[in-house]
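Chemist: Have a look at this prediction, sequence included:
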Amino acid sequence: MTPGFFTRAYQVPHPRLKERWIYAIHFALVRAFEMIRTDGFDLAVAGEDDITFRLEEMFENRRIQDEGTDLDLGFIRSVTRESAAANHDESSIGRKPDLVFRLNRELRHTHNRVQDALFAECKPVDRAHLLRDHYCAVGKKTSGIERFICGAYASAMEQGLMVAYVRDGFQINRDLVDALSTPKTRIGLGQPTALSCVIEPNSKDCQGLHLTTHHRLFSWSDGRPATPIDLYHSWHKCCG
């Protein structure tokens, strides 16, 4: 897209999200999956789009924070599924992150409220969707993490979220660590740091919340290299 009348130069990066906000979204996801199971929805056979659709519905219509928990999600303005977004230089304006948690905070006019969000990429992790071909893919249309590295998603932010729909016994501490260790993957995904656990599992159906930090492989419009991005990994059991 050629800069024009409606294009403005916004300050980047945007202010960081408070860690407690990211933790609250993770706990809300745990609660949303519990509610989906209670509703009788069969996660074991559901496709990626069906699961993501139900997560959006839980956040937007079921008011997770009103379900008898102490979750405070007042910092979220809206949650949208596959809403079109622009990449880092607006050369592509049809990017569709799986979930976007738009923030309910007032920024000065120098910041882009459309980009002020926690962007989430949701991926199945199972024998049919191997990590190297999807979640950790490099140079493929099915890429997950890579979209944050190249500036397709969350280009103005310094934090992002990966949500895994896990089947077939995959484990984050074993399988994601192995997938991120190969030389090609490390280069393509911005030399990720070692996986660290920031929230221990509090349910047999969730593997906790983990963190990796990645260098990004693009520059902002003013020529500065984009700062690294913290990616949080929230893995949830989706089998019988």
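Modeler: Structure received.
Chemist: Name the residues of the longest helix along the chain that are buried.
Modeler: In the chain, taking DSSP state H as the definition, the longest helix is helix 19-38. Of all the residues in helix 19-38, those buried under the rule 16 or more other Cβ atoms under 10 Å are 21-22, 24-36. The way it works is simple: take the backbone N, C-alpha and C, and place the C-beta from them, glycine included.
Chemist: again, but for stretch 155-163
Modeler: Within stretch 155-163, judged by 16+ other Cβ under 10 Å, the buried ones are 155-163.
Chemist: so where do the strands sit in this protein?
Modeler: Counting by DSSP state E, the chain has these strands, from start to end: 76-81, 99-103, 117-125, 159-166, 196-199, 206-214, 229-237.
Chemist: I'd like the ones you listed as JSON lines, with mean pLDDT appended.
Modeler: JSON lines is the format used below for the strands of the chain (pLDDT from 0 to 100):
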{"stretch": "strand 76-81", "mean pLDDT": "95"}
{"stretch": "strand 99-103", "mean pLDDT": "96"}
{"stretch": "strand 117-125", "mean pLDDT": "98"}
{"stretch": "strand 159-166", "mean pLDDT": "98"}
{"stretch": "strand 196-199", "mean pLDDT": "98"}
{"stretch": "strand 206-214", "mean pLDDT": "98"}
{"stretch": "strand 229-237", "mean pLDDT": "98"}
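Chemist: Flag the shaky bits of the chain, pLDDT-wise.
Modeler: Counting by pLDDT under 70, the ranges of the chain that qualify are 1-8, 63-70, 240.
Chemist: Could you report the distance from Thr110 to Glu90?
Modeler: 17 Å (Cβ to Cβ, to the nearest Å).
Chemist: same check, this time on Ile76
Modeler: Ile76 is 25 Å from Glu90, where distance means Cβ to Cβ.
Chemist: quick one: which of these two has more around it?
Modeler: Taking other Cβ atoms under 10 Å, Ile76 and Glu90 do not tie; Ile76 has more neighbours (20 against 13).
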